[in-house]
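# Sharing a sequence plus its predicted fold:
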There are 2 protein chains.
Amino acid sequence: MDKYAIGIDLGGTNIKAALVHSEKGIIEKASTPTNADQGLEHVLTQLATIAKRVSKDFEPEKILGIGIGAPGVISLDRTTVSHPPNLPGWEEVHVAKELEERTGWHTRVENDANLAALGSSRFGAGKNFDHFIMVTLGTGVGGGIIYNRDLFRGATGGAAELGHVSIDYNGAKSNSPAIGGIEAYLGQRFLSTHAWDVISDNRDNELYSMFSDNPEKLDPLALFEAAEKGNRLAIDILAEAGEKLGVAITNYIHILDIRKIIVSGGVAKAGKYILETAHCTALERLLPPMRTDFEIIYEDLGNDAALLGAASLGMETALDS
Amino acid sequence: MDKYAIGIDLGGTNIKAALVHSEKGIIEKASTPTNADQGLEHVLTQLATIAKRVSKDFEPEKILGIGIGAPGVISLDRTTVSHPPNLPGWEEVHVAKELEERTGWHTRVENDANLAALGSSRFGAGKNFDHFIMVTLGTGVGGGIIYNRDLFRGATGGAAELGHVSIDYNGAKSNSPAIGGIEAYLGQRFLSTHAWDVISDNRDNELYSMFSDNPEKLDPLALFEAAEKGNRLAIDILAEAGEKLGVAITNYIHILDIRKIIVSGGVAKAGKYILETAHCTALERLLPPMRTDFEIIYEDLGNDAALLGAASLGMETALDS
């Protein structure tokens, strides 16, 4: 049967939306600036408008519902967002009710990293697995846990804060209270800053002259490209990050006994130099029975994963309710 | 309704058994040496015999089933034990079938740490919570995760290897491949060895003269008693262990969003000196939304937790089947 839903990604800068078909995936896409500074009412109107715009060629009754990926703390019933970072003026907002009033469509919200995992489960690399852990390596490090083909959400819906899992209680600090959290090593900015520190100590390395005017441009992709050309320092920096990721993955697996790790995000583009070391490190450190079937898989849906997951949430919760 | 089942704890040294009533708890108890060196057949006969012995005053049809706590890797369907440590000669043993043939009662097996969590959930401190993490601080550090009042078992039944969660990728080594795993700091032997190292460097401390003839007797309870008398070194050693436990607990919570931590086992008897520091450390390191409702609770069922959990497993799987 043809099933349609709308997925929305509510970011601090842009709102993205997609009309999604349960089998075919994304059919139509749209994007609009969030303009969060214009206040809550404006953003809610934007959300309703983009939902209608992206589905304008369809009869409204054909759409099962809306799923919204949002930052911040989401209520266990997936209706309310509290204190989202990057959305000033939002305290506790009943996004589901607000959107249902404005559009007539059933609406639910969920953490954006969880939705990327759900999108992978329904449309991406995760389709093949009943259980997997998605690790999103972007500006921050986030994640989602799929258990029995559904999100594992914990007691209040806040599970899978994977970037805040510490691998060194005395280690690097980020803006997280979890000292030595993996985000403090693999988050894009932290990785780039650390890389530049290392390169600044090795001024004869060609990366030094390449980036000394714009060290902020030394992103994981630049390190990957240098590594591809055989730059030893770049290879070592990425391998060191991969080793730390491997320790974090070992921790996830020892707690969850879920051995398929799906990675996505900008830092994952540094590909094999990080992921192969992560794989080797985890294999060394896992309890022997946990090594069977352990695998790290790259998700190439990119940003679409969260949109597909959001639409899946809208679709599935509408059918359940 | 009166429901009865038999719980068995299959250890390398002793087999313990209990007849358990669903409301009243343990009604009858028995124990017998395992004599694992006499081979598989002997141990299986011992298991069947003790099950009959502990329930001899009851009509067999009143007993719903047997639950067995065993070391080693348990199959997902809870029938088979593979390569249990301390039971030489056991490869892959279909314990459920063997016991069902010998006793006529439905039988299931489960990891002993998981059963302690189940016992706490049905009869102990865990009764009050839908979700909790049980951390067993004994010779080793183990655990079980209760989610929606049932065991969270992961993809293959091996979840909650909590002792092998690393808090320092470059840290202490134990017999686990997970370097810096919390067991390497909190496992009874490791904690005692470390304590003796510290005390040996402080020979004016009264603990040095008290234990220099028998340093192996410096167990967590001895440290607790010294701490109670104001021994600063003992207090510091236990607080340092508590800090590390707090980091591990932070990792568990960031992955699972389950904020009730129930602790048991011999090392937990060092009580407040470890647990209060663990609580403070975790509170500092948890993401702010995760601090709400976070609690560490002591389980005083002791070894009965695993027997009660084993019987609960036998009862509940019999009713499900």
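That came in fine, so what should we check first? Residues are numbered from 1 along each chain as shown, chains lettered A, B, ... in the order given.
# Now do the buried residues in stretch A:147-161.
By 16 or more other CB atoms under 10 Å in any protein chain shown, the buried positions in stretch A:147-161 come out as A:147, A:151-161. Backbone N, C-alpha and C define where each C-beta goes, glycine included.
# Revised request: answer the last question for stretch A:34-46.
Buried residues in stretch A:34-46 (16+ other CB under 10 Å): A:34, A:36, A:43-44, A:46.
# pLDDT score for the nearest residue to A:S176 once chain neighbours are set aside?
Excluding the flanking residues, the one nearest A:S176 by CB to CB, 6 or more residues apart in numbering or on different chains is A:H164, at 5.0 Å. Turning to A:H164, the model gives it a pLDDT of 97.
# By proximity to chain B, which residue of the stretch 1-150 of chain A wins?
In the stretch 1-150 of chain A, the residue that lies nearest chain B is A:H131 (4.4 Å; CB to the nearest CB).
# Count the neighbours of that residue for me.
21 (other CB atoms under 10 Å in any protein chain shown).
# Which residues are in contact with it?
A:146-148, A:258, A:260, B:154-155 (CB atoms under 8 Å, 6 or more residues apart in numbering or on different chains).
# mind checking the SS state of A:M134?
Taking DSSP: H, G, I helix; E, B strand; the rest coil as the rule, one finds A:M134 in the strand state.
# nearest to chain B, of the buried residues of stretch A:147-161?
Once CB to the nearest CB is applied, the member of the buried residues of stretch A:147-161 that ends up nearest chain B is A:G154, at 2.6 Å.
# I'd assumed B:Y252 was in contact with that closest one.
No: with contact defined as CB atoms under 8 Å, A:G154 and B:Y252 do not form a contacting pair (10.7 Å).
# what do these two both touch?
In contact with both A:G154 and B:Y252: B:I258, using CB under 8 Å, 6+ apart.
# ok, back up a step: from the contacts of A:H131, which land in strands?
Among the contacts of A:H131, the ones falling in strands (DSSP state E) are A:146-147, A:260.
# so which of these are also by chain B?
Filtering the ones in strands among the contacts of A:H131 for proximity to chain B by CB under 8 Å from any CB of the partner chain leaves A:Y147.
# The residue of the stretch 201-321 of chain A found nearest chain B: what's it in contact with?
Nearest residue of the stretch 201-321 of chain A to chain B: A:D257, at 2.6 Å (CB to the nearest CB). Going by CB under 8 Å, 6+ apart, A:D257 touches A:290, B:153-161.
# Quick check: it vs A:T292, distance?
11 Å (CB to CB, to the nearest Å).
# ditto for A:P220
Going from A:P220 to A:T292 by CB to CB gives 31 Å.
# Equivalent analysis for A:I235, please.
Distance from A:I235 to A:T292, by CB to CB: 30 Å.
# quick one, which of those two is more surrounded?
More neighbours surround A:I235 than the other of A:I235 and A:T292, with 18 against 10 (other CB under 10 Å).
# What helix or strand is the residue nearest to the more buried one when sequence neighbours are not counted located in?
In this structure, A:I235 finds its nearest non-sequential neighbour in A:A227, 4.6 Å apart by CB to CB, 6+ apart. Assigned by DSSP states H and E, A:A227 falls within helix A:220-228.
# Which elements pack onto that helix?
helix A:188-200, helix A:206-211, helix A:232-256, helix A:271-285 (3 or more CB pairs under 8 Å, 6 or more residues apart in numbering or on different chains; DSSP states H and E).
# could you list every residue that touches A:H279?
So A:H279 contacts A:246, A:294, A:296 (CB under 8 Å, 6+ apart).
# Next one: A:S174, what pLDDT does it get?
Reported pLDDT for A:S174: 88.
# hang on, it in a strand?
No: assignment of A:S174 by three-state DSSP gives coil, placing it outside any strand.
# Which of the three states applies to the closest residue to it other than its chain neighbours?
Once flanking residues are discounted, A:S174 sits nearest to A:A184: 3.8 Å by CB to CB, 6+ apart. Secondary structure, three-state DSSP: A:A184 is helix.
# my read: A:A184 touches A:P177, true?
No: contact criterion CB under 8 Å: A:A184 and A:P177 do not qualify, at 11.2 Å.
# Give me the more crowded residue out of these two.
The neighbour count for A:A184 versus A:P177, taken as other CB under 10 Å, is higher for A:A184 (25 against 17).
# Please look at A:E91 and A:S82 and confirm they touch.
Yes: with contacts counted by CB under 8 Å, A:E91 reaches A:S82, the gap being 7.1 Å.
# and A:S312, what pLDDT?
98.
# Check the one 4 residues further on too.
The model reports A:E316 with a pLDDT of 97.
# Report how many residues lie close to it.
20.
# before we move on, which element is it in?
helix A:304-320.
# May I see the buried residues of that helix?
Under the neighbour-count criterion of 16+ other CB under 10 Å, helix A:304-320 has A:304-318 buried.
# Mind giving me the packing neighbours of it?
Helix A:304-320 packs on strand A:4-10, strand A:14-21, strand A:25-33, strand A:63-70, strand A:107-111, helix A:112-123, going by 3+ CB pairs under 8 Å, 6+ apart.
# care to break chain A down by domain?
Chain A breaks down into these domains under automatic domain parsing: A:4-118+A:304-320, A:128-298.
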